[in-house]
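Student: Sequence first, predicted model second:
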Amino acid sequence: MASEALLLWGVIFSSIGLGFFIYGKKQHRTISLFSGLALMVFPYFAESVPLLIGVSIALMVLPYFLRL
């Protein structure tokens, strides 16, 4: 079973991912688009809160360092 913290963090990072996805789609930025998509999908597969937070922060920072 998923804990409440895992569900809450999943909703937060999925919402941020939706913002990245919409921004990437409108601005034609592929890295933001795929990063947002990954942020929306990854919480379904995360098994622990530290893993979810670590990977999600890495996915949020990725578009700032890669300009595609």
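Tutor: Thanks, I have it.
Student: Is there a neighbour count for the residue lying closest to residue 9 once chain neighbours are set aside? I'd like the number.
Tutor: Nearest residue to residue 9 in three dimensions, chain neighbours excluded: residue 52, at 5.3 Å (Cβ to Cβ, 6 or more residues apart in numbering). C-beta here means a position set from N, CA and C on the backbone, and glycine is covered the same way. Residue 52 has 20 neighbours, counted by other Cβ atoms under 10 Å.
Student: which residues sit against the longest helix seen in the chain?
Tutor: For the chain, the helix with the greatest residue count under DSSP state H is helix 4-27. Outside helix 4-27, the residues within contact range by Cβ atoms under 8 Å, 6 or more residues apart in numbering are 29-40, 42-44, 46, 48-49, 52-53, 56, 59-60, 63.
Student: ok, the residue nearest to residue 9 to residue 64 distance?
Tutor: 20 Å (Cβ to Cβ, to the nearest Å).
Student: hmm, back to that, toward the C-terminus, what is the element adjacent to the longest helix of the chain?
Tutor: Remark: after helix 4-27, the chain's next helix or strand is helix 30-41, criterion DSSP states H and E.
Student: Just the angle for that next one relative to helix 4-27, thanks.
Tutor: 150 degrees (axes from the mean of the first three to the mean of the last three Cα atoms, to 10 degrees).
Student: if I read this right, residue 38 contacts residue 59, doesn't it?
Tutor: Yes: judged on Cβ atoms under 8 Å, residue 38 makes contact with residue 59 at a distance of 5.3 Å.
Student: Mind checking which of those two has more residues around it?
Tutor: residue 59 (20 against 17).
Student: check which helix or strand covers that one.
Tutor: helix 49-65.
Student: I'd guessed the residue nearest to residue 9 sits against residue 43; true?
Tutor: Yes: between residue 52 and residue 43 there is a contact under Cβ under 8 Å: 6.1 Å.
Student: Alright, that wraps it up for me.
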